[in-house]
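Undergrad: Dropping the sequence and predicted coords here.
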Amino acid sequence: MSKTAIQINGLTKDFRIGMRGVKLRAVDEVSLSVADNEIFGLLGPNGCGKSTTMKIILGLLDPTRGDCSIYGIPSTSVKSRDDVGFLPEAPYFYRYLTGRELVKFYARICGVPKSEIEDRTQDVLKLVTMDEAAHRRVGTYSKGMLQRIGIAQAVVHDPRLVILDEPTAGVDPIGSAAIADMIRSLKERGKTVLLCSHLLAQVEGICDRVGIMNRGKLVLEGQVDDLLEKRDMRSLVVEHFPESAEAEIKAVLEKHGAKLVNVESPRISLDRLFLQHTDDGKVKGKTEKGGDA
Ligand SMILES: Nc1ncnc2c1ncn2[C@@H]1O[C@H](COP(=O)(O)OP(=O)(O)OP(=O)(O)O)[C@@H](O)[C@H]1O
């Protein structure tokens, strides 16, 4: 079987808008490939064409030009979706079912053998840490819980490729961190994940590679580390930095042909600070070193 999970070639999608046949180009000559067992983030601002690209990959929309395939099978074939799980951007779930009933329902319609449905459901409820709330009706779930149960339904049939459209949209940092862990554990289970988001800080720590779209075009693509690392620079973190030594340090560096560009105090992210001071962060009321906050 193909080692490339998703292959897209010259994908273009025009929508007809308005009465006079005016066209809007939502996706413009996009080509990219997603390798097997990779977490790929498709990023970009609102309206840049991410969801349209996903819908074409899933065979929910026909492209105007170009083609795409999933594990070597053209997206136009129903067979290409046998091994795919999908969480749409705004999923609608029947609110009177419990979480467990909902996941079982999707297991049945995705063809999970009857004898395996119970175990598979329990397994994915645990994966998304919703086993304790699985007896509650979906209509009572918070946004984060809905996203988690949405991921559970997307993976209950053990698909090889999982496509998640804005999995952390509207979810607080605690919920987002849990979803990020869940996505990483999907990779550990050998899955390929394509996720779509405009929340860049959240996907930075999850994705192996990203593609950035702008106005329908894929404007940048690569390994996250390659794109973000300034390879010709180093940061030194110094405890008890002696301000008086800065000139000396600068001179030493200059002697070696280097230049001191910046001296600043390291900062933790606001996300991390939030996690440290809220119920599900492990260190509520404590600083990182264990003292009272
Ligand atoms: N069915 C449609 N008919 C007409 N225009 C559409 C249709 N679907 C999407 N578009 C337009 O195509 C462009 C790309 O939309 P798309 O939903 O793919 O963007 P997106 O990157 O997913 O945005 P967001 O981050 O807001 O979800 C937008 O200008 C949108 O208005």
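TA: Right, received. Where do you want to start? Computed from a predicted model, the values in this text were never measured in an experiment.
Undergrad: Could you tell me which residues make contact with the residue positioned nearest the centre of the chain?
TA: Closest to where the C-alpha atoms of the chain average out (Cα atoms, centre = their mean) is residue 195, at 3.9 Å. The contact partners of residue 195, by Cβ atoms under 8 Å, 6 or more residues apart in numbering, come to 39-42, 163-165, 167, 183, 203, 206-207. Quick note: C-beta positions are derived from backbone N, CA and C, even for glycine.
Undergrad: of those, closest to the ligand?
TA: residue 165 (7.5 Å; Cβ to the nearest ligand atom).
Undergrad: wait, what's in contact with the closest one?
TA: 50-51, 54, 86-89, 195-196.
Undergrad: which among those residues end up buried?
TA: 50-51, 54, 86-88, 195-196 (16 or more other Cβ atoms under 10 Å).
Undergrad: In a strand, the residue nearest to the centre of the chain, correct?
TA: Yes - counting by DSSP: H, G, I helix; E, B strand; the rest coil, residue 195 is found in a strand.
Undergrad: Look up which residues are beta-bridged to residue 6.
TA: Per DSSP bridges, the residues bridged to residue 6 are residue 34, residue 70.
Undergrad: Pull the number of nearby residues for whatever residue of the stretch 151-293 of the chain ends up closest to the ligand.
TA: Per Cβ to the nearest ligand atom, residue 198 is where the stretch 151-293 of the chain lies closest to the ligand, at 5.2 Å. By the criterion of other Cβ atoms under 10 Å, residue 198 has 17 neighbours.
Undergrad: What's the separation between the closest residue to it other than its chain neighbours and the ligand?
TA: In this structure, residue 198 finds its nearest non-sequential neighbour in residue 45, 6.0 Å apart by Cβ to Cβ, 6 or more residues apart in numbering. Residue 45 sits 7 Å away from the ligand when distances are taken as Cβ to the nearest ligand atom, to the nearest Å.
Undergrad: Quick check, residue 275 in contact with residue 172.
TA: No - contact status for residue 275 versus residue 172: not in contact, 9.8 Å apart, counting by Cβ atoms under 8 Å.
Undergrad: So between the two, which is more surrounded?
TA: residue 275 (20 against 17).
Undergrad: Please spell out which residues along the helix or strand hosting that one are buried.
TA: According to DSSP states H and E, residue 275 maps onto helix 270-276. For helix 270-276, the neighbour count (16+ other Cβ under 10 Å) marks 271, 275-276 as buried.
Undergrad: low pLDDT regions in the stretch 1-150 of the chain?
TA: Scanning the stretch 1-150 of the chain for pLDDT under 70 picks out 1-2.
Undergrad: where does it come near the ligand, residue by residue?
TA: Within reach of the ligand by Cβ under 6 Å from any ligand atom, the stretch 1-150 of the chain has these residues: 15, 17, 24, 26, 44, 46-52, 89.
Undergrad: and the residues you listed, which are buried?
TA: 26, 44, 48-52.
Undergrad: List the ones among those residues that fall in strands.
TA: Counting by DSSP state E, those place residue 26 in strands.
Undergrad: Go through the buried ones among the residues of the stretch 1-150 of the chain next to the ligand and name the one nearest residue 264.
TA: Set against residue 264, the nearest of these by Cβ to Cβ is residue 44 (30.0 Å).
Undergrad: Helices of this protein, start to end?
TA: Using DSSP state H, the helices of the chain run over 50-57, 99-109, 114-127, 143-155, 173-188, 200-204, 224-228, 246-255, 270-276.
Undergrad: So which of those is nearest residue 35?
TA: Across the helices of the chain, closest to residue 35 is helix 173-188 (Cβ to Cβ), at 11.6 Å.
Undergrad: Please could you give me each C-alpha atom of the closest one, formatted as PDB?
TA: Taking Å, rounded to 0.1, in the frame of the first residue of the first chain, the C-alpha atoms of helix 173-188 are listed here in PDB:
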ATOM      1  CA  PRO A 173      -6.200  26.000  26.900                       C
ATOM      2  CA  ILE A 174      -6.800  23.000  29.200                       C
ATOM      3  CA  GLY A 175      -9.100  21.400  26.600                       C
ATOM      4  CA  SER A 176      -6.700  22.300  23.800                       C
ATOM      5  CA  ALA A 177      -3.800  20.700  25.600                       C
ATOM      6  CA  ALA A 178      -5.800  17.500  26.100                       C
ATOM      7  CA  ILE A 179      -6.800  17.500  22.400                       C
ATOM      8  CA  ALA A 180      -3.100  18.000  21.500                       C
ATOM      9  CA  ASP A 181      -2.100  15.000  23.700                       C
ATOM     10  CA  MET A 182      -4.800  13.000  22.000                       C
ATOM     11  CA  ILE A 183      -3.600  13.900  18.500                       C
ATOM     12  CA  ARG A 184       0.000  12.900  19.500                       C
ATOM     13  CA  SER A 185      -1.300   9.600  20.800                       C
ATOM     14  CA  LEU A 186      -3.000   9.000  17.500                       C
ATOM     15  CA  LYS A 187       0.400   9.300  15.800                       C
ATOM     16  CA  GLU A 188       1.800   6.900  18.400                       C
END
